[in-house]
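A.B. asks: please work out how this folds:
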Amino acid sequence: MEVSSFSTVPRFSYSCSSLQGLFKVHFLDQSLAPIELSIRKRRNPRNLISCSQKRDVSVVDGSCMDEIYDKLAQRIVPTSASMFSPNLKRLVGLAGPPGAGKSTLANEVVRRVNKLWPQKASSFDEEVNPPDVAIVLPMDGFHLYRSQLDAMEDPKEAHARRGAPWTFDPALLLNCLKKLRNEGSVYVPSFDHGVGDPVENDIFVSLQHKVVIVEGNYVLLEEGSWKDVSDMFDEKWFIDVNLDTAMERVESRHISTGKPPDVARWRIDYNDRPNAELIMKSKTNADVLIRSISF
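C.D. replies: Predicted coordinates for the structure are as follows:
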């Protein structure tokens, strides 16, 4: 039996009253007690203010990942199918720690959106094979080049920490997203894992694409240029996964690419887990929380 579908829980809420001179903040994390902040009372009764705000986050889960993929595709298609402007896009930011399954989820949802779209957009002739309307834009293409790491003050540390936020180029990603918004299409880089460097202009997001899922570790961070990236999205998704489970997957991935087990474990402790712990903090910025289960 399904536990829940698109349930919502409050992420945070606040209420304020200048009459009482209190400002209350309630957090989603039950371990954090409400905070009351004193504010100066207004002397003029005509200036008395009362206000409240509540933000919700949707929780998506299911009995298997295929069910979750279906729910996410069904969620995004009805809204996007109504957007007929050639330049209008539905940009989704998908974040999660290494090993969460971001790439798999993004590609599976895109595949399902492309299948569902003709059913929602009645303008397509049944005998015409409609073009793909959804595409994945991976953050991996915005890694700094190895030559850029070599030019840093401590090249050895820079290569050892590759994958940390400062080893990417968020400004370039932001410029690509702005161009996509303003012009409706953009060329973006991919990443060649064999070479270990980005491949310029390898992915083309065209006018026909209405749904763009931007997947990557840091796309929901609220620090520096990453915050500007996060602000570009219409929806923000986060894959909520057990951190130990995610690290086990990453360790297996390292070993499968030829790293000795001891090197893989060192890589986890020195780089992957610290990065993952930072990424988990950005979960509070999500609109949609995806409950990951075993693949």
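A.B. asks: residue closest to the middle of the protein?
C.D. replies: Among the residues of the chain, the one closest to the centroid is residue 94, at 2.4 Å (CA atoms, centre = their mean).
A.B. asks: mind listing what that one touches?
C.D. replies: By CB atoms under 8 Å, 6 or more residues apart in numbering, the residues touching residue 94 are 102, 105, 106, 213, 214, 215, 216, 219, 237, 238, 239. Every residue, glycine included, has its C-beta placed from N, CA and C.
A.B. asks: redo that, cut-off 7 Å
C.D. replies: Listed by CB atoms under 7 Å, 6 or more residues apart in numbering, the contact set of residue 94 reads 102, 105, 106, 213, 214, 215, 237.
A.B. asks: in TSV, list those along with secondary structure.
C.D. replies: TSV is the format used below for the contacts of residue 94 (DSSP: H, G, I helix; E, B strand; the rest coil):
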residue	secondary structure
102	helix
105	helix
106	helix
213	strand
214	strand
215	strand
237	strand
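A.B. asks: need the residues you listed in CSV (columns: pLDDT, neighbour count and distance to residue 193).
C.D. replies: Supplementary listing: the contacts of residue 94 in CSV, determined by pLDDT from 0 to 100; neighbours: other CB atoms under 10 Å; distance: CB to CB, whole Å:
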residue, pLDDT, neighbour count, distance to residue 193
102, 97, 27, 15
105, 97, 23, 19
106, 98, 25, 17
213, 98, 26, 20
214, 98, 26, 19
215, 98, 26, 16
237, 98, 29, 24
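A.B. asks: can you pick out the most distant pair from those residues?
C.D. replies: 105 and 214 (12.7 Å; CB to CB).
A.B. asks: burial check on residue 255, number of neighbours?
C.D. replies: Close neighbours of residue 255, defined as other CB atoms under 10 Å, add up to 14.
A.B. asks: surely residue 238 touches residue 220?
C.D. replies: Yes: using CB atoms under 7 Å, residue 238 makes contact with residue 220 at a distance of 6.3 Å.
A.B. asks: shared neighbours, these two?
C.D. replies: 95, 286.
A.B. asks: distance check, the residue nearest to the centre of the chain against residue 197.
C.D. replies: 23 Å (CB to CB, to the nearest Å).
A.B. asks: hmm, back to that, closest to residue 137 out of the contacts of residue 94?
C.D. replies: residue 214 (4.7 Å).
A.B. asks: name the nearest residue to the closest one, ignoring sequence neighbours.
C.D. replies: Nearest in space to residue 214, with sequence neighbours left out and distances taken as CB to CB, 6 or more residues apart in numbering, is residue 137 at 4.7 Å.
A.B. asks: any idea whether the one you found is helix, strand or coil?
C.D. replies: Secondary structure state of residue 137, per three-state DSSP, is strand.
A.B. asks: residue 289 too?
C.D. replies: Note that with three-state DSSP, the state of residue 289 is strand.
A.B. asks: could you measure from residue 177 over to residue 239?
C.D. replies: 21 Å.
A.B. asks: check residue 273 too.
C.D. replies: Separation of residue 273 from residue 239 (CB to CB) stands at 17 Å.
A.B. asks: how about residue 190?
C.D. replies: Distance from residue 190 to residue 239, by CB to CB: 21 Å.
A.B. asks: now swap in residue 245 and tell me
C.D. replies: Going from residue 245 to residue 239 by CB to CB gives 11 Å.
A.B. asks: please say which of those two ends up with more neighbours.
C.D. replies: residue 239 (26 against 15).
A.B. asks: skipping adjacent residues, who's closest to the more buried one in space?
C.D. replies: Residue 239 sits nearest to residue 96 (CB to CB, 6+ apart), 3.4 Å away.
A.B. asks: check residue 200 too.
C.D. replies: In space, residue 200 is closest to residue 189, 5.2 Å off (CB to CB, 6+ apart).
A.B. asks: I'd say the one you found and residue 197 touch.
C.D. replies: No: counting by CB under 7 Å, residue 189 sits too far from residue 197 to count as a contact (9.3 Å).
A.B. asks: walk me through the domains of the chain.
C.D. replies: Domain segmentation of the chain under automatic domain parsing yields 9-55, 61-291.
A.B. asks: what mean pLDDT does the first one have?
C.D. replies: Okay, so that is domain 9-55. Average pLDDT, domain 9-55: 41.
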